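Colleague: The sequence and its predicted three-dimensional model are supplied below.
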Amino acid sequence: MATDESKALAAGLRRRDPDLLDHLIEQYQYRLFRYLVYLTASRERAEDFFQETWIRVLERGHQYDGRARFETWLFSIARHLVIDWSRQKRTQSLDSLLDPEDGAPMEIADHSDTSALNVMLTQEERAAVQTSLGRLPAIHREVLLLRFQEEMPLAEIASILDVPLATVKSRLYRGLEGLRVLMTGQAL
């Protein structure tokens, strides 16, 4: 169900309101860019996708109807751009973009709000988690990042990934279990 705020946002996007777009970019720039860096493992690629995502928002703003949260729609656009690019490059999956042997995803310092996960973890633990996350399959890593780093509800993650809620729950469980195994060094 669309709220008054999301209806106003949808109307502003239909009008291509430049002030609204500036506000949205300012509000979501860090989170979107961080997400893209984790998906692509490249700051340069993430910058390109970041710009292309906002171009798509401007071009296709009329398609946003306000029924879903804006960030769900925004992250879906970004994710689909990365998927389309990876298909063009004949990559098998997002896993090939983040091959642990080629280097872990770049860590970007957050100068704004810190997530609940970052508040709880020390620097050493964060480094260990980042290393372990880089070793997880992309489908599990992505769900963990959206849930705990972006603090998105499971239903929104399902919408972004275009999969059933049960699939998100399964990937989250498997991702957490895989992370636990990697962090503790225990065998499955």
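Modeller: Alright, I've got the coordinates.

Colleague: Would you mind giving me the confidence score for residue 106?
Modeller: Note on residue 106: pLDDT of 47.

Colleague: sorry, that was for residue 7
Modeller: If you check residue 7, the pLDDT there is 85.

Colleague: since we're on it, how many residues are nearby?
Modeller: Using other Cβ atoms under 10 Å, residue 7 is surrounded by 13 other residues. Where you see a C-beta, it was placed from the backbone N, CA and C, and this is true even at glycine.

Colleague: Verify the contact between it and residue 70 for me.
Modeller: No. Using Cβ atoms under 8 Å, residue 7 is not in contact with residue 70; the gap is 11.4 Å.

Colleague: Please report how far the residue nearest the centre of the chain lies from residue 166.
Modeller: Compute the mean C-alpha point of the chain, and by Cα atoms, centre = their mean the closest residue is residue 35, 3.9 Å away. For residue 35, the distance to residue 166 equals 23 Å [Cβ to Cβ, to the nearest Å].

Colleague: Check residue 82 too.
Modeller: 24 Å.

Colleague: These two: who's more crowded?
Modeller: Neighbour count, other Cβ under 10 Å: between residue 82 and residue 166, residue 82 has more, with 21 against 10.

Colleague: Sweet, I'm off.
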